[in-house]
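Colleague: fold the following for me, if possible:
(one chain, ligands or ions: 1)
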Amino acid sequence: MEFIIRPEQRVTARHYDVVVAGGGTGGVFAAVAAARGGARVAIIEQKGYVGGIAAEGGCGIHSFFNLGRAFGVEKRKVVRGIPAEFINRLFAAGGCSGHNDTLLNFGYDDDSLCVDVEAYKFVALDMLREAGIHVLLNTFVADVLCDGDVVRGVITESHEGCQAVMGKIFIDSTGFGDLCARAGANYTEPNDHAVANSMGVGNIDIDKYYESMRDMNGLFEYARGPRSGRDNQIIRVSGIFSKDPAVHQALKDLGMAVVTTTIHDNYFMFIKINFQMPLPPTNRDALADAEYELRRRQRGALALLRQYVPGAEKAFIARTSPSISIRRGRCIECDYDITNDEITDGRHFPDEVFSYGFHDLAPRVQIKNGGTYGLPYRALIVKNRANVFAVGMMITSDFAAHMSTRNTVSCMAMGQAAGTAAALCVASNTAGVRQLPYTTLYKALKQGGVWFDAEVPYEEHR
Ligand SMILES: Cc1cc2nc3c(=O)[nH]c(=O)nc-3n(C[C@H](O)[C@H](O)[C@H](O)COP(=O)(O)OP(=O)(O)OC[C@H]3O[C@@H](n4cnc5c(N)ncnc54)[C@H](O)[C@@H]3O)c2cc1C
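Modeller: Numbering: from 1, shown residues only. Below you'll find the model as predicted:
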């Protein structure tokens with residue numbers, strides 16, 4: 001490998017209170033919360049839209065609720081605040097189905113919330129602009145300026161060239177933990193999940209898809225809700241569409257998941273194709289190979305649908321994600337690393353920032369008695385850094401625990417928590433994020449609509 005020395009460069013610098021790196025699932029909520037808390041906020045997103053994986057294909061945004069019905073307990077909404085407000089706005093804009101009960105097999109997933117990914121991108125951007133946030137789109141966080149354990153700024157690249165974005169508090173919500181890694185935080189790259197590209201398929205009849213599964217006793221779960229202006233329509237289906245073992249093998253070889261959602265007639269909003277990379281996805285060339293491989297597999301999946309699904313004979317790929325989606329890239333070391341035992345025990349913490357009640361390994365792995373657990377503030381604070389939060393899929397190292405914390409709604413709630421804390425730190429001129437009194441944060445989160453299911457009484461937070 002040949003090396004060169006990059007020459008020093010004089011670049012323009014802009015100053016903000018809070019800088020959010022990555023305008024994805026968690027980042028949007030971090031920025032909105034920080035701005036509503038009175039901070040001057042910049043959010044930096046490499047793509048031309050915001051929303052991240054939630055707007056690219058992880059569009060079964062189901063986990064606002066506990067997994068109650070499997071235990072015969074009440075289905076309760078436990079994530080509220082800005083994420084719930086966003087979903088209400090999306091619904092009002094015709095961009096989602098609202099909350100609907102999952103039918104047949106609800107042990108895994110109590111709630112079906114189907115999202116139009118294009119509407120998601122617009123409504124999220126609208127919310128950021130409305131909050132007065134400087135939204136830097138098509139801008140990549142390429143480097144970090146540190147002073148000991150304090151991050152002072154990030155170096156960005158865009159068509160305008162190289163620029164510095166300076167701040168007081170930084171929130172890394174890049175999914176990959178790019179800011180943290182460049183700031184010298186400790187991290188691992190477990191490469192323990194498949195990468196995916198999710199496609200939208202047009203010209204395909206969801207009722208026939210549902211009926212063919214139902215008629216061959218292959219239906220696993222489904223949901224009914226609003227679709228193309230009519231209520232009580234099929235909006236989510238999962239199951240097998242052929243009993244032929246050769247088709248099963250073909251699905252397996254393609255890494256194709258046969259669950260889909262929609263809010264439009266004749267359109268499957270997302271069909272996921274998965275591929276286990278041999279090297280971690282931070283390896284650029286291995287990633288390029290994976291991008292190709294996933295697109296090759298998508299062609300194969302389309303051929304299978306056309307051949308075996310009644311009403312899909314003329315289906316076509318209407319949308320793909322612009323690049324791979326990932327369930328985790330880097331795992332960033334934070335002050336606290338929640339374990340799966342704590343999650344399944346339904347543990348609540350004296351510094352928790354929201355309650356959560358979903359587990360992706362359900363029904364096999366569940367939170368005790370259909371309850372909830374709390375995510376501690378410490379779990380968002382990047383170890384050995386004074387002023388950096390990590391938000392989203394990068395925070396939990398335990399594979400099984402991560403299968404809960406990485407879910408869309410959890411990432412959104414982490415965003416609100418970190419953004420609220422960041423604004424409070426700025427307002428009180430706190431030396432570092434660890435110095436913020438928890439009671440101040442708790443009150444602000446409550447004011448922001450966050451629901452605490454806590455068995456930990458408020459007095460104990462003092
Ligand atoms: C295929 C797939 C399906 C899933 N399905 C579901 C599901 O049905 N339900 C569910 O609840 N969860 C699902 N998940 C999990 C969930 O969607 C993710 O864990 C969650 O959305 C991650 O949010 P995040 O904010 O951490 O990252 P992201 O949403 O990926 O946001 C990161 C953002 O940062 C940007 N970015 C990255 N690096 C830089 C940089 N250097 N500079 C500037 N910008 C940068 C990215 O472009 C992106 O917008 C799924 C995940 C995958 C991969």
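Colleague: quick one: pLDDT of whichever residue of the stretch 201-350 of the chain sits closest to the ligand?
Modeller: The minimum distance from the stretch 201-350 of the chain to the ligand, using C-beta to the nearest ligand atom, falls at Ser325 (3.6 Å). Quick note: C-beta positions are derived from backbone N, CA and C, even for glycine. At Ser325, the model reports a pLDDT of 93.
Colleague: how about the contacts made by it?
Modeller: 53, 56-58, 195-198 (C-beta atoms under 8 Å, 6 or more residues apart in numbering).
Colleague: report the separation between it and Leu279.
Modeller: 17 Å (C-beta to C-beta, to the nearest Å).
Colleague: quick check: bridge partners of the residue of the stretch 201-350 of the chain closest to the ligand?
Modeller: Taking DSSP bridges as the rule, Ser325 bridges to Ala196.
Colleague: could I get the contacts of Ser325 as CSV with distance to Val259?
Modeller: Shown next, in CSV, are the contacts of Ser325 (distance: C-beta to C-beta, whole Å):
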residue, distance to Val259
Ile53, 16
Glu56, 16
Gly57, 12
Gly58, 12
Val195, 18
Ala196, 12
Asn197, 15
Ser198, 11
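Colleague: of the residues you listed, which qualify as buried by neighbour count?
Modeller: Listed as buried from these are 53, 56-58, 195-198; burial here means 16 or more other C-beta atoms under 10 Å.
Colleague: show me which of those residues neighbour the ligand.
Modeller: Filtering the buried ones among the contacts of Ser325 for proximity to the ligand by C-beta under 6 Å from any ligand atom leaves 53, 57-58, 196, 198.
Colleague: by pLDDT, give me the weakest of these.
Modeller: Minimum pLDDT across these falls on Gly58, with 67.
Colleague: per-residue confidence at the residue of the stretch 301-450 of the chain found nearest the ligand?
Modeller: Nearest residue of the stretch 301-450 of the chain to the ligand (C-beta to the nearest ligand atom) works out as Gly392 at 2.2 Å. If you check Gly392, the pLDDT there is 98.
Colleague: what is the neighbour count of it?
Modeller: For Gly392, the count of nearby residues is 33 (other C-beta atoms under 10 Å).
Colleague: let's verify Arg306: helix, strand, or coil?
Modeller: helix (DSSP: H, G, I helix; E, B strand; the rest coil).
Colleague: next, count neighbours for it.
Modeller: Using other C-beta under 10 Å, Arg306 is surrounded by 16 other residues.
Colleague: the one 3 residues further on now?
Modeller: As a burial measure, the neighbour count of Val309 was computed by other C-beta under 10 Å and equals 21.
Colleague: chain neighbours aside, what residue packs nearest to it?
Modeller: Phe241 (5.3 Å; C-beta to C-beta, 6 or more residues apart in numbering).
Colleague: who touches that neighbour in this structure?
Modeller: 209, 212-213, 218, 247, 258, 308-309.
Colleague: quick check on those residues: which are buried?
Modeller: Buried among the contacts of Phe241 by 16+ other C-beta under 10 Å: 209, 212-213, 258, 309.
Colleague: of those residues, closest to Asn407?
Modeller: When these are compared for distance to Asn407 (C-beta to C-beta), Val258 wins out at 20.2 Å.
Colleague: can you pull the phi/psi pair for the closest one?
Modeller: Backbone torsions of Val258, given as degrees, to the nearest 10, read phi -100, psi 50.
Colleague: surely it meets Lys252?
Modeller: No: counting by C-beta atoms under 8 Å, Val258 does not reach Lys252; the two are 11.0 Å apart.
Colleague: how about the residues of this protein by the ligand?
Modeller: Residues of the chain lying close to the ligand by C-beta under 6 Å from any ligand atom are 21-27, 44-47, 52-54, 57-58, 60-61, 63, 140-141, 173-176, 178, 196, 198, 272, 325-327, 392-393, 406-408, 411.
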